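**Student:** one predicted model, sequence on top.
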Amino acid sequence: MAYIEAKDGTQLHVKDIGSGHPVVLIHGWPLTGDMFEYQSLALLEAGYRVITYDRRGFGQSGHPADTYNYDVFADDLGAVLEGLDIDKAHLVGFSMGGGEIARYLTRHGAGRVSKAVLIASVVPYLLKDSTNPEGVDSSVFADMKKQVREDRFAFLQSFAKTFYGVGLVSKPVSQGVLDWSFILAVMASPKATIDCIDAFGRTDFRPDLKSFTVPTLIIHGTSDKTVPIDPAGRAAAKGISGAQLIEYEGEPHGLFATAPDRLNRDLIEFLGKP
């Protein structure tokens, strides 16, 4: 099945490969489901059924004019699970993809979910305010939107270097990975690219943390400059009952590509038998 229809008729592009226990991989901004190349291959070879989909506005999914908020994103995830009749799914969310898991569990419950994994996730709350002093200043998000409007292509190329820690970490990604990431990112709607900055930057998932009633693994790099670990990974670990936190010392945001072997091992160990 190449497409699943969301509640509002938006077409969601889905890839469903394998026949073992289902693992649903939810991508980060501004990429597509294809960002999980290293993880998809490892999970398939380990015997899992791997499902990826492009968030609305990104990749090969429909590009509506609006509706870029987490209530809608969570319902889109619900449409994928229901459309494929997936039960006992392992949900794995990277960066803004972690928000889909949090809001999905609140809006739809954990009836179709077995385990949850948050990788470099924006959960629980990124925006700096009086209740979240370690968060990211609103000016950062405003500047990102300004740059996207002025020259989205130049912004994406520059953003990718911070994303992968180029010049900051000991194992930089190849130029090929940077080029591949740019190709995935430019597939997005400019409107979705801008609106999702507010979605992941300003949505408060702290009330959603109580909805994590399944075993939860949190993985975050200590040198993440895109989604800092303190208001994100460490705060999520404190707020989710029984959650396990694994910190990747010195790793940047895009650790799915900078530390794929370690990430794949930790994922498979946590998920258990396929």
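**Tutor:** Ah, there it is. Numbers count the residues shown, from 1 in each chain.

**Student:** okay, CA-based contacts and neighbour counts for the rest of this
**Tutor:** Noted.

**Student:** so what pLDDT did K273 get?
**Tutor:** Looking at K273, its pLDDT is 78.

**Student:** what is the burial count for it?
**Tutor:** Residue crowding around K273 was assessed by other Cα atoms under 10 Å; the count is 11.

**Student:** for Y38, see how far away it is.
**Tutor:** 19 Å (Cα to Cα, to the nearest Å).

**Student:** again with F155
**Tutor:** Taken as Cα to Cα, the span from F155 to Y38 is 25 Å.

**Student:** also Q175?
**Tutor:** Counting by Cα to Cα, the gap between Q175 and Y38 amounts to 17 Å.

**Student:** which residue of these two possesses the greater neighbour count?
**Tutor:** Each of Q175 and Y38 has its neighbours counted (other Cα under 10 Å); Y38 has more, 16 against 9.

**Student:** where's the more buried one, which helix or strand?
**Tutor:** Assessed by DSSP states H and E, Y38 sits inside helix 37-45.

**Student:** name the single longest helix found in this structure.
**Tutor:** helix 138-163 (DSSP state H).

**Student:** show me where the stretch 51-200 of the chain has its strands.
**Tutor:** Remark: strands assigned in the stretch 51-200 of the chain by DSSP state E, counting those that start in this stretch are 89-94, 113-119.

**Student:** you'd agree A237 is up against P231?
**Tutor:** No - using Cα atoms under 8 Å as the test, A237 is too far from P231 to be in contact (10.3 Å).

**Student:** where does pLDDT dip in the protein?
**Tutor:** 1, 169-170 (pLDDT under 70).

**Student:** adjacent strands (with direction) for the host helix or strand of V50?
**Tutor:** Per DSSP H and E: V50 is located in strand 49-53. With DSSP bridges as the test, strand 49-53 is paired with strand 11-17 (antiparallel), strand 22-26 (parallel).

**Student:** quick check: buried residues in the first one?
**Tutor:** Which is strand 11-17. Residues 11-16 are the ones in strand 11-17 that count as buried (16 or more other Cα atoms under 10 Å).

**Student:** can you redo those residues as TSV with distance to F141?
**Tutor:** Below are the buried residues of strand 11-17 laid out as TSV (distance: Cα to Cα, whole Å):
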residue	distance to F141
Q11	28
L12	27
H13	28
V14	29
K15	31
D16	34
